[in-house]
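Chemist: no sequence for this one, just the structure:
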């Protein structure tokens, strides 16, 4: 049983979904501190000029220590939904598969009201997961009724879900206390991901865009492109 754990990002990049693909259960770590102006409330799309940020405005004043699942969207910026959708439409309307995915994205952004950032993000993650045809169990960490920090929190999540293997992000080597996992008989692997080069609407190729980029350009071939030539972590 391979468990991976990741904060619910906004329209995540391909590495996020590759990590999910390698896991049996993917845990959305929504009960840790929110990091302002990181990938939790924004991500990048490909443009003629290179890339552009899609940013969801959130309420942060006086909320320095709020958890991800507490973050509220800031509707004083009442044009953010239309702005994000217009940016997607402007830069992908000529993509081969825009008609397949564009209407659903428009609906998620423009025809829905999201009070919490995590609700928007998780809906987008589930939508992209389905488009990539990745069939995995997604669980919110907050639903597990577990407390702790850093290694202890991750270990408790793995134990709660009966994991025998924890698939960590590559930067886990910098902070993870592997001894605690070893003592709990849980193997630690580190995610290895080589970003594929694929045809984008505009040249030159720019990596690490939102996963929507590959879908707009390659449709149902996206998953094969994602996993082709990837190394299994060890």
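Modeler: Noted; the coordinates are in hand. Keep in mind it's a predicted model, so treat the numbers as computed, not measured.

Chemist: ok, now which ones touch residue 31?
Modeler: Residues in contact with residue 31 (C-beta atoms under 8 Å, 6 or more residues apart in numbering) are 67, 68, 69, 140, 141, 142. All C-beta atoms are positioned from the backbone trio N, CA, C, and that covers glycine.

Chemist: show me the shaky parts of the chain.
Modeler: The chain contains residues with pLDDT under 70 at 229-234.

Chemist: distance of the closest residue to residue 223 other than its chain neighbours from residue 214?
Modeler: Nearest residue to residue 223, sequence neighbours excluded (C-beta to C-beta, 6 or more residues apart in numbering): residue 132, at 5.0 Å. According to C-beta to C-beta, to the nearest Å, residue 132 stands 9 Å off from residue 214.

Chemist: also residue 198?
Modeler: From residue 198 to residue 214 the distance is 6 Å (C-beta to C-beta).

Chemist: mutual contacts of the two, please.
Modeler: Common contacts of residue 198 and residue 214 (C-beta under 8 Å, 6+ apart): residue 225.

Chemist: count of neighbours near residue 178?
Modeler: 15 (other C-beta atoms under 10 Å).

Chemist: buried ones among the contacts of residue 31?
Modeler: With burial judged by 16 or more other C-beta atoms under 10 Å, the buried subset of the contacts of residue 31 is 68, 69, 141, 142.

Chemist: for residue 190, what are phi and psi?
Modeler: Main-chain dihedrals, residue 190, degrees, to the nearest 10: phi -110, psi 130.

Chemist: between residue 198 and residue 214, tell me which one has more neighbours.
Modeler: Of the pair residue 198 and residue 214, residue 214 is the one with more neighbours under other C-beta under 10 Å, namely 26 against 17.
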